[in-house]
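[1] Predicted model and sequence follow; I will ask about them next.
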Amino acid sequence: MRGTDTRRGPNAALAVAVAAWALLQAAGLGCGRAEDPRRPNVVFLLADDVGIGDLGSYGGDVIRTPHLDRLASEGMRFRSFYATPVCGPSRFGILTGRYTRSFDWRGPIIRDPERTLAALFQQAGYTTALIGKWHGLAEIPDSLPTRRGFDRFYGYLMGHNNSPAVWREERVIEEKSPRADRTLRETEQALAFLRDVGGRPFFLLLSYTAGHNPPFASAGFRGRSASGLRGDMLEELDWSVGEVLGALAELGLEEDTIVLFTSDNPGTAPHSSGSLRGEKGSLYEGGIRVPLLVRWPGRIEAGSVEERPGHLVDWLPTLARMGDLELPRGRVDGRDLTGVLLGTGTRADEDFYWGIYAHRSGPWKLVVDPDGNEESDGLFDVDADPLETSDLAGAHPETLERLRRQLRDFWRGVDRRAGRP
Ligand SMILES: [Ca+2]
């Protein structure tokens, strides 16, 4: 392009540049972050193994979460937001907008680097960063975050149990990091990124180590919570969220930035999922419902509560819409939540799939017996009975069969589109 311009002379080159700039502005693709509400920054705060019962805004009354509670009061809180029951498949779902068929905790490898949520932002000119846990998505040599759409990476390939080395971009900068200081360090890195990114649009995935067992906390937080070391860990996580919100305010970025907080799955600690049935690893609501708080001042109603369900896979199409990003080619299972968030519409349907093991359609939820014993399949009306105390499989055989068929058909459709017999 440069050679072509040179041959045509500097005036022609300038004219081309001005025309291109005008086109970009007209298309809302210029660098006018503050001027263009269609191009918000995004801070995606992802906790590890944190359930709704761990947050004050969901009724938790032991662990103190004032900063997250503030986020809830300044934005929208979802009461029925879904993840998968384990780490990897949820993280895969966020980055690809797709469900996984099974629940290996490591999750599938993301094989197409062009279609991750981070890559979509990158392709649209955002500066993208992952800070914290990449999890089990790096088992092939070229699948580091920097090969999957992130300009910057500071953190760990897996959780802290099995991945003590600290990476920056594509090299190890520290072989063994102190576990206790992980939240402190992730926070420092996040604040440095926010200050460094300048006026450019950005997507930050702050993927906390915190929440996962065994618990840890830095010296300043140890011994402060009535809920023991796990409480200390989550109170430090809450402090970190406060630091991020403070930095956005200090930098004058609050109005231009969507901040969301969620978790990859609930914890196993008592009451991590409040009174819901099950815990991490379970397909009952206590194993798959996670907190979701979303703030975008002036756009999302402060203090609003959303009763209808959504799922982590919805974030790819939702942020693609909000950031005016181009959707990836191929299958996207998630649904756009923009209308829900802005109060102008609803999710296109209320169908959700957890591998081949569970399916929700409207108020009804099928939980397949993991041993394949059909007589033990459960059917629940999770609107009327969110605690899943009444198995209605016997009382509603037609609904049971409909949900089984829909679950089979969903994965058959996936196979068909993928060219599998
Ligand atoms: Ca997890």
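    Sure, I can see it. A quick note: this is a predicted structure, and the numbers were derived from the prediction, not measured.
[2] Next, count neighbours for P178.
    The number of residues packed near P178 is 12, by other Cβ atoms under 10 Å. Backbone N, C-alpha and C define where each C-beta goes, glycine included.
[3] T100 now?
    Applying other Cβ under 10 Å, we find 21 other residues in the vicinity of T100.
[4] distance of the closest residue to it other than its chain neighbours from T318?
    Nearest residue to T100 in three dimensions, chain neighbours excluded: P89, at 4.2 Å (Cβ to Cβ, 6 or more residues apart in numbering). Distance, P89 to T318, by Cβ to Cβ, to the nearest Å: 19 Å.
[5] what does T209 give?
    Here T209 is placed at a distance of 25 Å from T318 (Cβ to Cβ).
[6] go on, T399?
    29 Å.
[7] which of those two has more neighbours?
    The residue with more neighbours, out of T399 and T318, is T318; 25 against 18, by other Cβ under 10 Å.
[8] Quick check: closest non-adjacent residue to that one.
    Once flanking residues are discounted, T318 sits nearest to L337: 4.4 Å by Cβ to Cβ, 6+ apart.
[9] Contact partners for the one you found?
    By Cβ atoms under 8 Å, 6 or more residues apart in numbering, the contact list for L337 reads G310, D314, W315, T318, R347.
[10] What of P215?
    G228, L229, R230, D232, M233.
[11] would you list every one of the helices in the stretch 201-350 of the chain?
    228-250, 285-288, 315-322, 338-342 (DSSP state H, counting those that start in this stretch).
[12] Check what contacts the shortest one and list those residues.
    In this case it means helix 285-288. With contacts defined as Cβ under 8 Å, 6+ apart, helix 285-288 is touched by 51, 82-85, 265-266, 273-274, 276-282, 354, 358, 382, 386-388.
[13] repeat that for 10 Å
    With contact meaning Cβ atoms under 10 Å, 6 or more residues apart in numbering, helix 285-288 is reached by 51-53, 80-86, 90, 265-266, 268, 271-282, 311-312, 352, 354, 358, 360, 365, 367, 380, 382, 385-388.
[14] How about the last one?
    By Cβ under 10 Å, 6+ apart, the residues outside helix 338-342 that reach it are 75-76, 78, 258, 260, 294, 296, 299-301, 304, 306, 308, 310, 314, 317-322, 344-348.
[15] Going by neighbour count, list what's buried in the helix or strand following it.
    The C-terminal neighbour of helix 338-342 among helices and strands, as given by DSSP states H and E, is strand 351-354. Using 16 or more other Cβ atoms under 10 Å as the test for burial, strand 351-354 gives D351, F352, Y353, W354.
[16] Give the pairing partners of strand 351-354; include direction for each.
    Within its sheet, strand 351-354 is paired with strand 358-361 (antiparallel), according to DSSP bridges.
[17] so how many other residues sit close to the nearest residue to R299 once chain neighbours are set aside?
    Counting by Cβ to Cβ, 6+ apart, the nearest residue to R299 once its immediate chain neighbours are dropped is L342, at 6.1 Å. The number of residues packed near L342 is 14, by other Cβ under 10 Å.
[18] Need the pLDDT of L342.
    What the model reports for L342 is a pLDDT of 97.
[19] For the residue nearest to R347 when sequence neighbours are not counted, give me its contacts.
    Excluding the flanking residues, the one nearest R347 by Cβ to Cβ, 6+ apart is R335, at 4.9 Å. Residues in contact with R335 (Cβ under 10 Å, 6+ apart) are 97, 310-311, 313-314, 317-318, 346-352.
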